[in-house]
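K.L.:
Predicted coordinates and the sequence they were generated for:
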Amino acid sequence: MAVMTTVQALNDALGLMMAEDHRVFCLGEDIGKMGGDFGVTRGLYDEFGGERVRDTPLSESAIIGTAVGAAMVGMRPVAEIMFADFIGTCYDQMVNNAAKVHYMFDGQFRAPIVVRTACGGGFGGGPHHSQQVEGWFMNVPGLVIVAPSNPYDAKGLLISSIEDDNPILFLEHKALYRLKGEVPEGKYRVPLRQAKVVREGNDITLVSCMKTLHDCLAVAEELASEGISAEVIDLRTIRPWDHDTVLHSVRKTGRAVVVNEAPKIGGLAADVSAVISEEAFSSLKAPVMRVCGLDTPIPFSLPLEKLILPDKDKIKQAVLKVIKF
Amino acid sequence: MATIGISTEQHLNMYRDMWRVRKFELALEREFKRGKVPGMLHTGLGQEATLVAVAHSLRREDGIFPDHRCHGLLFLKGTPGAKIMAELFGKATGVCSGKGGSLHSADVTVNNFGDNAVEGSFMVTALGVGLGWKMQGKDSLVAVMVGDGTAGRGEWHESLNLASVWKLPILYCCVNNGYAISTPVAFSHATGDLVEFATAYKIPAVQVDGNDLLAAYQATQEAVAHIRAGKGPYFIEYKTWRWQGLFSGEFRPKEEVQYYMEEHEPISMAKAYLLKEGIVEEQQLEAIEKEVENEIESWVQFAMESPQPDPAKATANVYVGWEVESWQ
Ligand SMILES: Cc1ncc(C[n+]2csc(CCOP(=O)(O)OP(=O)(O)O)c2C)c(N)n1
Ligand SMILES: [Mg+2]
């Protein structure tokens, strides 16, 4: 199996899908000859031309609106929003258009679009290039949010997302772009709306996704040497997320910590912990805890940014608190 | 006698369609006041000539994005009027099963892509329809019905710019009725002549009297021919006037109201023209009015008698391929 970075795995998925299905096309800023700000579309322009790897101006509403309109007449657009933070400029198109087209016209139209975007902090990107935006979209019926944590899933999930008939926000964490992993050649799918148990354990369940998933795995490894057996779940699809896998695990371990880089209030972790409390209360030996970003914008200063984002220490402290409850 | 290549039959059809728009809206307004039509009411009263000019210039496979004053266009595009009326009543037999209503009525069978009640937002959705069809090699065009007020939206300008750059088959029908709710056009935009925006984006653009049916029709025909020839987008500013003032009442100057309701009223203008040119007899026009009355009332009757949507519809078609209940 080839070893690839997440960027290469995503690029591979796009190339495969464009070659296989003439309805698939990409649009976004500097995705053509330049290959995208992070190189995800590199080489596709040469292979498929500027019609299908379409550069746009800084017109984010038009990028998403174009994707939705094209999808309504049978195309399968993959839009790139360079940084997730910029999605505020096309929020209306995502929330009031893409996510509602199927419902409000009672099934007559579909909006099978994929909106890829680079998210996440930890590199000094500051307030407008670092955010996790899933919380902005948790309350949007009709929208699906997919968030891979490694190259294998990135490719398989992107293929599944392009094939899916729902509008999908596809989050690519910048800290994972250069992460390497084994990726099979050719086409394969990673199913949407299915979480994955990435490490088995019996004492506590850690639920996370994207970059913090790796922090959870590192903490689980450390805890193992201290005699605590942690199960780690990668949600992979974070809206709507896979209740069954999480509840099954929590019913076994009786404890849960939910970790998400986005701010705590009203976010993904809030929803996960609420569902655990509603559905698995009688299995719980301790309250569910959340480890999330603080209720602040992302500061530019690296030491300040470190203070507000979740990390291994904060996760470990939360786990120990739950274990000792 | 025929005018600018219009047969007598078409003259009569257009005249009839103006009445269909008028009587549809009047009936709707009446039922709204009786509490039979839920939600908010916007009507296209006073803008019939513009709507009919556009409708008669499009083919069935052409697309439309109708705005909140386009009830008439919804059925003129080909959807049975009873299904439109039922939709506005929120009934099961409506074109969107009662889930869209006045501000969100679409019909995939006639390429009506639906209103978006976030006014102006579909300016950018239209780019995708135009681009998609262009990539698929289709020769259809898509008409966007958009009010003067929406010229303040960023989407408006993103759309004009990219339609021009990408040479998309989009007909921008800017319905300039002078006001956005209460705000006069020239108060909020750098120019009261909205064509100037289009011209700045290098889109061919004209201004036309939207209450003059034949002038509006002719301008639309020229625009459509331009787009069908593969020359890219076209922009028409239809200068018109809506009867509906504010929900709370009339706010516009008396003389202005009188001018548009009496002297420059689109149906009586069309009628005067047809009679002056000797194209039809007065009795024929009266018969048309009566027939339309019956047709529209039958739609109202249908809407009234239709059942409410099945409760299962509340959670249907949120996602493609899976149910809302499955994870709640
Ligand atoms: C984005 C957005 N802002 C505000 C409104 C509320 N609103 C509804 S109609 C309207 C005025 C629209 O004016 P115009 O486009 O000129 O259309 P008209 O009603 O005059 O035909 C406003 C402000 C809205 N629906 N959407
Ligand atoms: Mg107006």
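P.N.:
Here it is on my side, so go on. Ligands and ions are numbered 1, 2, ... in the order given.
K.L.:
which SS class is the nearest residue to B:Cys70 once chain neighbours are set aside?
P.N.:
Closest residue to B:Cys70 apart from its sequence neighbours, by C-beta to C-beta, 6 or more residues apart in numbering or on different chains: B:Met145 at 5.2 Å. The C-beta positions use only the backbone N, C-alpha and C, and glycine is treated the same way. Following DSSP: H, G, I helix; E, B strand; the rest coil, we place B:Met145 in the strand state.
K.L.:
Which residues does B:Met145 form beta bridges with?
P.N.:
Beta bridges link B:Met145 to B:Cys173, judged by DSSP bridges.
K.L.:
quick one: contacts for it?
P.N.:
The contact partners of B:Met145, by C-beta atoms under 8 Å, 6 or more residues apart in numbering or on different chains, come to B:54, B:64-67, B:69-70, B:73, B:173, B:175.
K.L.:
do the same with B:Gly39
P.N.:
By C-beta under 8 Å, 6+ apart, the contact list for B:Gly39 reads B:90, B:101-103.
K.L.:
so where does it fall, helix or strand?
P.N.:
B:Gly39 belongs to no helix or strand when assigned by DSSP states H and E.
K.L.:
Give the helix, strand or coil label for the residue nearest to B:Met14 when sequence neighbours are not counted.
P.N.:
In space, and not counting its chain neighbours, B:Met14 is closest to B:Val52: 5.3 Å by C-beta to C-beta, 6+ apart. When classified by three-state DSSP, B:Val52 comes out as helix.
K.L.:
Who are the contact partners of B:Val52?
P.N.:
Going by C-beta under 8 Å, 6+ apart, the list of residues near B:Val52 reads B:14, B:17-18, B:21, B:72, B:76, B:213, B:217.
K.L.:
follow-up on the earlier one: how near is the residue nearest to B:Cys70 to A:His214?
P.N.:
51 Å (C-beta to C-beta, to the nearest Å).
K.L.:
Kindly report the same for B:Met123.
P.N.:
Distance from B:Met123 to A:His214, by C-beta to C-beta: 42 Å.
K.L.:
Please identify which of the two sits among more neighbours.
P.N.:
Neighbour count, other C-beta atoms under 10 Å in any protein chain shown: between B:Met123 and A:His214, B:Met123 has more, with 29 against 20.
K.L.:
residue contacts, the more buried one?
P.N.:
Taking C-beta under 8 Å, 6+ apart, one finds A:65, B:144, B:146, B:150, B:153, B:155-156, B:158-160 in contact with B:Met123.
K.L.:
what do you get for A:Arg23?
P.N.:
The neighbours of A:Arg23, taking C-beta under 8 Å, 6+ apart as the test, are A:74-76.
K.L.:
Which of the contacts of B:Val52 fall within helices?
P.N.:
B:14, B:17-18, B:21, B:72, B:76, B:213, B:217 (DSSP state H).
K.L.:
Okay, helices next: where are they in the chain?
P.N.:
If you meant another chain, say so; for now it's chain A. With helices called from DSSP H, chain A shows them at A:6-20, A:44-48, A:60-72, A:91-92, A:101-104, A:134-137, A:151-163, A:210-225, A:243-253, A:268-279, A:302-308, A:312-324.
K.L.:
my bad, chain B
P.N.:
Ranges of helices in chain B, per DSSP H, are B:8-33, B:48-55, B:71-76, B:81-88, B:122-135, B:154-166, B:185-188, B:195-200, B:213-228, B:254-258, B:266-276, B:282-305.
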